[in-house]
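> sequence first, then the predicted structure:
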Amino acid sequence: MGRDRAADRIPRAATSWEGGVMAPRQVAEGRQHRVSEVDEDRAVAALELAWADGGYHGFCTDGGLWSAISSAGEVLTGDTPDTLTAAIRAHWQARQ
């Protein structure tokens, strides 16, 4: 209960919503992006911000594959920022 986990510190307004990473203002205005419209640089930056303190780095996307590297050197992947986040969450929880 008193644990401070990187997964718990993800800013909810900046996490993905239906395949896209949303800025707080976009959420408030009800705007959303599909994965094909995701600003990849902003999505990678949001993933780094959310997970770097949890031991994940090397976030990137190439040809529709999103990836990150764990502190143990494991490569985690997903087809979208959402699926990569799910893979990181599962990996994080398995390590606890």
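On my side now, so go ahead.

> this structure: strands as residue ranges?
With strands called from DSSP state E, the chain shows them at 16-17, 20-21, 56-62, 65-70, 75-78.

> just the ones you listed: most buried one?
Scoring the strands of the chain by mean neighbour count under mean count of other CB atoms under 10 Å gives strand 20-21 as the most buried, with a mean of 23. All C-beta spots, glycine's among them, are computed from the backbone N, C-alpha and C.

> find the nearest non-adjacent residue to residue 71, please.
In this structure, residue 71 finds its nearest non-sequential neighbour in residue 55, 3.5 Å apart by CB to CB, 6 or more residues apart in numbering.

> by mean pLDDT, flag the weakest helix or strand of the chain.
strand 16-17 (a mean of 42; mean pLDDT, DSSP states H and E).

> name the residues of the longest helix seen in the chain that are buried.
In the chain, with assignment by DSSP state H, the single longest helix is helix 81-95. Within helix 81-95, the residues that count as buried by 16 or more other CB atoms under 10 Å are 81-85, 87-89, 91-92.

> just checking, what packs against that helix?
When contacts are defined as 3 or more CB pairs under 8 Å, 6 or more residues apart in numbering; DSSP states H and E, helix 81-95 packs onto strand 16-17, helix 40-51, strand 65-70, strand 75-78.

> where does residue 14 land on pLDDT?
Looking at residue 14, its pLDDT is 43.

> how about low-confidence regions in the protein?
1-38 (pLDDT under 70).

> where's the residue nearest to residue 78 when sequence neighbours are not counted relative to residue 47, distance?
Closest residue in space to residue 78, ignoring its immediate chain neighbours: residue 84 at 3.3 Å, by CB to CB, 6+ apart. From residue 84 across to residue 47, the span is 7 Å (CB to CB, to the nearest Å).

> can you pull the residues that touch both of the two?
66, 68 (CB atoms under 8 Å, 6 or more residues apart in numbering).
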